[in-house]
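Undergrad: Fold the following, please.
(one chain, ligands or ions: 3)
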Amino acid sequence: MEFKITSGHLKNARTKAVTTFLFKEQKKFPPEIQGLDNELDGAISQLKKELKFDGSEGKLLVVPTFGKGKTDFVILIGAGSKKNFHLDKARRLGAIAAKKAKELKIDRFLIDGETLAVKDSQPEIAQALTEGIILGSYKFDKYLSKKDEFKIKEVQIRVARRYRAEAEESSRTGKILAEAQNFTRDLVNEPGNVINPQKLAEIAEELAKQYGFEVKIYDEEEIEKMGMNAYLAVARGSGNPPRFIHLTYRPKKAKKEIALIGKGLTFDSGGLNIKPGDYMRWMKADKSGACAVLGIFKAIGELKPDVAVHGIIAAAENMPDGKAYRPDDIIKAKNGTTIEIGNTDAEGRLTLADALCYASELKPDAIIDMATLTGACVVALGEYTAGVMGNNQKFINEVLEVSEKTGEWMWQLPFNDMLREHIKAPHADVYNIGTTRYGGAITAGLFLEKFVDKKIPWVHIDIAGPAHNTRGWYYHPKGGTGFPVRTITTLLMKKAEE
Ligand code: BES
Ligand code: MN
Ligand code: ZN
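TA: Ligands and ions are numbered 1, 2, ... in the order given. Next comes the predicted model:
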């Protein structure tokens with residue numbers, strides 16, 4: 001899909017369809033649409049009246065031109081109320097436009113960014129539309145014998161002439177971010193029989209080759225030598241051996257160094273505390289954090305920000321087996337902390353514990369981990385919002401601030417000393433579950449805290465809800481969403497500018 005930034009009157013557009021927007025408050029057409037309507041002898045206003053199109057959010061008015069105009073179609077999309085408009089609506093509307101274009105087999109169209117720039121700048125809108133169109137066109141159809149071969153080839157985004165240069169830049173950024181997010185979605189959607197830890201390592205190696213990253217893959221023996229016994233305990237029940245992945249992006253001018261960790265359970269059956277069938281479905285998506293890290297690396301490989309980035313994944317599969325770890329087992333993590341196992345299904349935090357120790361030893365300026373860690377987080381915040389925790393309020397605020405722009409919803413969950421009591425174990429330094437199920441997302445976060453160097457600002461993002469979805473929402477189809485690739489990449493770009 002190619003994106004071009006254009007200016008000029010809508011009625012002069014040279015493409016197959018013009019898509020533009022009408023807000024609810026606009027009882028009369030703005031001049032641009034009026035111009036089009038005149039060209040079509042009032043066809044737009046007539047259809048608008050007959051079909052009672054009133055600019056309600058997401059409503060469509062498809063007007064065929066029957067050879068009268070320069071394009072085959074004019075498509076009016078309701079933008080809702082101007083008052084309630086925000087940047088993420090541009091993504092949603094972009095996705096709606098792309099879906100309609102696909103349906104009508106329109107492979108080239110123009111989309112009117114200028115109209116939507118009521119609160120945000122035109123370059124920001126151009127980026128959001130680009131993202132929405134790419135994200136909204138995504139489909140995981142790799143394994144379908146019969147695929148829909150239709151592809152949108154070219155999208156023109158219209159902005160005022162004076163914003164063109166800036167919009168070209170921001171649309172390019174949006175394209176990279178959305179394509180990286182789609183790359184993450186592809187990986188999340190791959191089932192456990194295709195992506196196992198070794199395969200995940202190979203994908204990281206391919207990325208490294210493509211973009212010139214450093215990469216080191218540790219096998220079981222090396223993982224054991226490094227003392228990552230918590231991680232190894234989780235991996236022991238699977239016939240697919242673990243792989244510890246460390247990618248590094250090290251640009252010459254980097255002043256800051258950030259470590260990203262992604263939970264990489266290529267499948268989570270629960271282990272000996274096996275999940276009931278309904279809860280085991282979608283556990284191929286328990287590698288979403290890892291896939292996000294890989295998507296972020298794809299994006300920074302293209303965008304080349306001046307910030308050094310580590311990508312760390314302790315990939316494993318959690319399976320029940322004669323060799324599997326058990327409830328009541330006591331294991332020692334890389335930093336010497338002993339852990340008593342309360343439940344083998346609380347495995348993600350064990351793999352992350354050793355990964356956080358490893359990351360801390362690199363002495364980065366900050367650590368971010370992304371993990372489909374707890375069902376409790378989904379209960380607390382719903383499926384669409386990630387839980388954010390950490391040891392540094394300023395850093396947490398920075399992440400939350402960026403997420404407001406990217407439309408990836410995040411909300412902070414508060415640590416407290418009472419819940420810290422809940423992960424005290426009878427026979428070891430810490431339990432891998434809380435003594436009650438209440439506040440389960442927070443007790444998981446507090447567990448992770450024990451493995452982070454206190455001097456390093458650290459943010460934990462529990463993406464158990466938004467990383468995948470069984471129905472799809474806004475510009476997300478069902479399956480992997482690629483959450484939070486855009487937020488973290490944008491944050492890294494911000495860090496590069498500081
Ligand atoms: N991978 C799951 C968490 C999860 C649940 C992700 C639902 C996505 C959707 C995690 O490993 C897990 O099983 N957590 C347990 C922890 C419990 C045993 C303390 C949970 O949330 O039930
Ligand atoms: Mn689990
Ligand atoms: Zn899990």
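Undergrad: Which stretches in the stretch 151-300 of the chain count as helices?
TA: Remark: helices assigned in the stretch 151-300 of the chain by DSSP state H, counting those that start in this stretch are 164-189, 197-211, 220-225, 229-235, 277-280, 288-303.
Undergrad: What's the mean pLDDT across the fourth one?
TA: Think helix 229-235. Across helix 229-235, the average pLDDT comes to 98.
Undergrad: Can you verify my assumption that residue 363 contacts residue 456?
TA: Yes - shown here, residue 363 and residue 456 form a contact pair, counting by CB atoms under 8 Å, at 7.4 Å. From N, CA and C alone the C-beta is placed, and that goes for glycine too.
Undergrad: Get me the contact residues on the stretch 201-350 of the chain for ligand 1.
TA: 268, 286, 343, 345-348 (CB under 6 Å from any ligand atom).
Undergrad: between those residues, which is closest to residue 225?
TA: The closest of these to residue 225 turns out to be residue 347 (CB to CB; 21.5 Å).
Undergrad: Thought residue 265 was touching that closest one, still the case?
TA: Yes - the criterion here is CB under 8 Å, and residue 347 meets it with residue 265 at 6.6 Å.
Undergrad: Quick check: neighbours shared by these two?
TA: Shared contacts of residue 347 and residue 265, defined by CB atoms under 8 Å, 6 or more residues apart in numbering, comprise 234, 316, 318.
Undergrad: Tell me the buried residues within those residues.
TA: Among the shared contacts of residue 347 and residue 265, those buried by neighbour count (16 or more other CB atoms under 10 Å) are 234, 316, 318.
Undergrad: ranges for the helices of the stretch 301-450 of the chain?
TA: 348-361, 375-381, 393-406, 417-421, 440-449.
Undergrad: Single out the most deeply packed of those.
TA: Sort these by mean neighbour count, taking mean count of other CB atoms under 10 Å, and helix 348-361 sits at the top with a mean of 26.
Undergrad: and that one, what other elements does it pack with?
TA: With contacts defined as 3 or more CB pairs under 8 Å, 6 or more residues apart in numbering; DSSP states H and E, the packing partners of helix 348-361 are helix 229-235, strand 243-249, strand 257-268, strand 308-318, strand 366-371, helix 440-449.
Undergrad: quick one, that helix and strand 308-318 angle?
TA: 150 degrees (axes from the mean of the first three to the mean of the last three CA atoms, to 10 degrees).
Undergrad: Is helix 348-361 positioned near ligand 2?
TA: No - figure legend: helix 348-361 not in contact with ligand 2 (CB under 5 Å from the ion); closest approach 6.1 Å.
Undergrad: still on that earlier bit, from the buried ones among the shared contacts of residue 347 and residue 265, pick the one nearest residue 330.
TA: Among those, residue 234 lies closest to residue 330 (CB to CB), at 14.4 Å.
Undergrad: Return the residues in contact with the residue of the stretch 301-450 of the chain found nearest ligand 3.
TA: Closest to ligand 3 within the stretch 301-450 of the chain is residue 348: 4.3 Å, counting by CB to the ion. Residue 348 sits next to 263, 265, 268, 286, 371-373, 444 when contact means CB under 8 Å, 6+ apart.
Undergrad: Contacting ligand 2 as well, which ones from these?
TA: residue 268.
Undergrad: Filter the contacts of residue 348 down to the buried ones, PyMOL style.
TA: Restricted to buried positions by 16+ other CB under 10 Å, the PyMOL selection for the contacts of residue 348 reads:
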select buried, resi 263+265+268+286+371+372+373+444
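Undergrad: okay if I get the contacts of residue 348 as TSV plus pLDDT?
TA: What follows is the contacts of residue 348, written out as TSV (pLDDT from 0 to 100):
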residue	pLDDT
263	99
265	98
268	98
286	98
371	99
372	98
373	98
444	98
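Undergrad: Turn the helices of the stretch 151-300 of the chain into CSV, including distance to residue 426.
TA: CSV is the format used below for the helices of the stretch 151-300 of the chain (distance: least, CB to CB, whole Å):
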stretch, distance to residue 426
helix 164-189, 37
helix 197-211, 32
helix 220-225, 27
helix 229-235, 18
helix 277-280, 27
helix 288-303, 30
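Undergrad: tell me, which of these is the model least confident about?
TA: Out of those, helix 277-280 stands lowest, with a mean of 94 (criterion: mean pLDDT).
Undergrad: hmm, who's touching that helix?
TA: 268-270, 274, 375.
Undergrad: Closest residue of this structure to ligand 3?
TA: residue 268 (3.7 Å).
Undergrad: ok, back up a step: nearest to residue 110, of the residues of the stretch 201-350 of the chain next to ligand 1?
TA: The closest of those to residue 110 turns out to be residue 286 (CB to CB; 41.4 Å).
Undergrad: if we can go back for a sec, now that the residue of the chain closest to ligand 3 has come up, it's in contact with residue 316, right?
TA: No - in this structure, residue 268 is not within contact of residue 316 by CB under 8 Å, at 9.3 Å.
Undergrad: hey, what's in contact with both of the two?
TA: Joint contacts of residue 268 and residue 316 (CB under 8 Å, 6+ apart) are residue 347.
Undergrad: quick check, residue 149 in a helix?
TA: No - Residue 149 is assigned coil when assessed by DSSP: H, G, I helix; E, B strand; the rest coil, not a helix.
Undergrad: Show the backbone phi and psi for it.
TA: Per-residue torsions, residue 149: phi -80, psi -10 (degrees, to the nearest 10).
Undergrad: And for residue 67?
TA: Residue torsions, per degrees, to the nearest 10, at residue 67 are phi 80, psi 0.
Undergrad: what about it, distance to residue 334?
TA: 70 Å (CB to CB, to the nearest Å).
Undergrad: Tell me which of these two has more neighbours.
TA: Using other CB atoms under 10 Å as the criterion, residue 67 and residue 334 rank with residue 334 on top: 21 against 7.
Undergrad: Look up the closest residue to that one, ignoring the ones flanking it.
TA: residue 357 (3.8 Å; CB to CB, 6 or more residues apart in numbering).
Undergrad: my guess is that neighbour contacts residue 333, does it?
TA: Yes - between residue 357 and residue 333 there is a contact at 6.3 Å, judged by CB under 8 Å.
Undergrad: any shared contact partners between those two?
TA: By CB under 8 Å, 6+ apart, residue 357 and residue 333 have these common neighbours: 228, 451.
Undergrad: Please name the residues that touch the residue nearest to residue 334.
TA: Residue 357 makes contacts with 228, 333-335, 451, as judged by CB under 8 Å, 6+ apart.
Undergrad: for the shared contacts of residue 347 and residue 265, which one is nearest residue 292?
TA: Closest approach between the shared contacts of residue 347 and residue 265 and residue 292, by CB to CB: residue 316, at 17.0 Å.
Undergrad: you'd agree residue 378 is up against residue 464?
TA: Yes - taking CB under 8 Å as the definition, residue 378 is a contact partner of residue 464 at 5.2 Å.
Undergrad: Roughly how far does the residue in the stretch 301-450 of the chain that ligand 1 sits nearest to sit from residue 451?
TA: When scored by CB to the nearest ligand atom, the stretch 301-450 of the chain has residue 375 as its residue closest to ligand 1, at 3.3 Å. Note on residue 375: its distance to residue 451, by CB to CB, is 22 Å.
Undergrad: Neighbours of residue 6, how many?
TA: Neighbours of residue 6 under the rule other CB under 10 Å: 17.
Undergrad: how deep is the residue of the stretch 51-200 of the chain found nearest ligand 2 tucked in, by neighbour count?
TA: Residue nearest to ligand 2 within the stretch 51-200 of the chain (CB to the ion): residue 192, separated by 13.5 Å. For residue 192, the count of nearby residues is 21 (other CB under 10 Å).
Undergrad: Which per-residue confidence value corresponds to it?
TA: At residue 192, the pLDDT value in this model is 98.
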